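Peer 1: pasting the structure only:
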């Protein structure tokens, strides 16, 4: 029996920070005719609120270092402000959204990241388990989960978690029951073969080609974690991964050849 | 066929503001052997965050006036910080909690309150509809909803909503399917016959007795909205309402005669 289709879409700060972009993205997302899940990142708002409250944001290797005060702020901003505004706006589009963190319904359990090279990332979670059964219960009842990148350790602590990792883990976990297409919406039109040329989108890439382009230095540093995550998900049951701009999401789902399609082997 | 028992428990700021009280309350709540829902209010944290961000809290007749900035703060604090911390702590007590606002799964729809005597309450919601069907779906799958007092208008706007009203409306809405006991946990041991004597708890009260005590001036002003809400719920299908201290919740559920029991008629 063929599995039912599920789109798992991840949006980052560039979509969240701009009201018009977010509004138009959510209208498009609502038009996806299949089952769907939205995972969102943070954006600038957390940094602004931190500044307002006099809490300085610390970054190590592109990841926020999460002390107790920063954890409070990301919980407020990601799970509260951003998540609930997205849910309310999806409801206005007749899309029955339900906003969740990993603590809700115990759907994403994490381990607090251990010290690494003497770096303490603080309250940051590395995902340990996805409860795909409870997510399926919601999805099969036509509820569309909207997931904030906050998880928990099962001992009462919330943990700040990378939104790309949340999307990858959910996509893999749900692949047993659904045919999952994972779509990363970000600021560029796709993976570029020439970073100076925003239109040099690589339309299709398999793991072998990725290794080659990485070795040649053609794929830039910032893309590597995203592509590593993506190939991990393809190797673990996800049907396909697409990396694209937010406003290309709906055309892609309707069959247009935009963005970068990652496949297991060409 | 007799209906299944559901406890709908509401906690206010006095439980939320004190870490030890909250911890012990959540351990007790987890021990309730029947289906259950927790509704929480706000507490001092929203006021503190507002101060930190330079947003002044305005109150009219005991209700917060919610301008756009205040709405952002209550959304962050109630739906984010407080709700998710409660959920994570319940999970640590092996209680499969799921934190929701009224926007999530469209479970509580409100109308923005119209101007009243020239007072603009701002983004405040008066409850219009409860989707008890979606809440039943969660409850019957052993998920325990934890509800923050934020609702939505169906047009993309979140609305700050009185937590007592949320509890009352949910209790009424769920009474068709469940035998609902509504428990308000607050700072006193129950409704007092002498406000100077904290132990003068009225153990049982019906509507007639309430009207009498109100007319005599024995029931104080602050209690009137809570009791009006409570009798409204009893007249609309709720099995019983109990008003008590948070640490008396579990003994009451286990059969002890504490707090004030509101009944339809003695």
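Peer 2: That came through, no problem. Predicted model only: the values in this text are computed from it and were never measured.

Peer 1: Surely residue A:30 touches residue A:95?
Peer 2: Yes: with contact defined as Cβ atoms under 8 Å, residue A:30 reaches residue A:95; the gap is 4.2 Å. C-beta here means a position set from N, CA and C on the backbone, and glycine is covered the same way.

Peer 1: quick one, which of the two is more surrounded?
Peer 2: residue A:95 (22 against 18; other Cβ atoms under 10 Å in any protein chain shown).

Peer 1: these two touch, right, that one and residue A:28?
Peer 2: No: taking contacts as Cβ under 8 Å, residue A:95 lies outside contact range of residue A:28: 10.9 Å.

Peer 1: Now do the helices in the stretch 51-200 of chain A.
Peer 2: Along the stretch 51-200 of chain A, counting by DSSP state H, counting those that start in this stretch, helices occupy A:68-74, A:83-92, A:132-140, A:163-174.

Peer 1: ok, the closest residue to chain B within chain A to residue A:18 distance?
Peer 2: Closest approach between chain A and chain B, counting by Cβ to the nearest Cβ: residue A:80, at 2.3 Å. Distance, residue A:80 to residue A:18, using Cβ to Cβ, to the nearest Å: 20 Å.

Peer 1: which one of those two has more residues nearby?
Peer 2: In this view residue A:80 and residue A:18 are compared by other Cβ under 10 Å, and residue A:80 has more residues nearby, 32 against 15.

Peer 1: Now that one: closest residue in space, sequence neighbours ignored.
Peer 2: Once flanking residues are discounted, residue A:80 sits nearest to residue B:80: 2.3 Å by Cβ to Cβ, 6 or more residues apart in numbering or on different chains.

Peer 1: ok, now which ones touch the one you found?
Peer 2: Listed by Cβ atoms under 8 Å, 6 or more residues apart in numbering or on different chains, the contact partners of residue B:80 are A:75-81, A:83-84.

Peer 1: Just put those residues in TSV and tack on pLDDT.
Peer 2: Output for the contacts of residue B:80, formatted as TSV (pLDDT from 0 to 100):
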residue	pLDDT
A:75	97
A:76	97
A:77	97
A:78	97
A:79	98
A:80	98
A:81	97
A:83	98
A:84	98
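
Peer 1: Can you flag the buried ones in the residues you listed?
Peer 2: Neighbour counting with 16 or more other Cβ atoms under 10 Å in any protein chain shown marks A:75-81, A:83-84 as buried within these.

Peer 1: Among those residues, which pair sits farthest apart?
Peer 2: A:75 and A:84 (12.5 Å; Cβ to Cβ).

Peer 1: doesn't residue A:45 make contact with residue A:77?
Peer 2: Yes: counting by Cβ under 8 Å, residue A:77 does reach residue A:45; the two are 5.3 Å apart.

Peer 1: just the strands in chain A please.
Peer 2: With strands called from DSSP state E, chain A shows them at A:4-11, A:35-40, A:58-60, A:63-65, A:97-100, A:108-112, A:125-130, A:144-147, A:150-152, A:158-160, A:178-186, A:204-206, A:240-245, A:260-263.

Peer 1: With residue B:169 as the reference, name the closest of those strands.
Peer 2: Comparing the strands of chain A by Cβ to Cβ, strand A:97-100 comes nearest, at 19.0 Å.

Peer 1: Show me which residues of the stretch 101-250 of chain A are close to chain B?
Peer 2: By the rule Cβ under 8 Å from any Cβ of the partner chain, the part of the stretch 101-250 of chain A lying against chain B is A:101, A:103-106, A:134, A:137, A:141, A:143, A:150, A:152, A:154-158.
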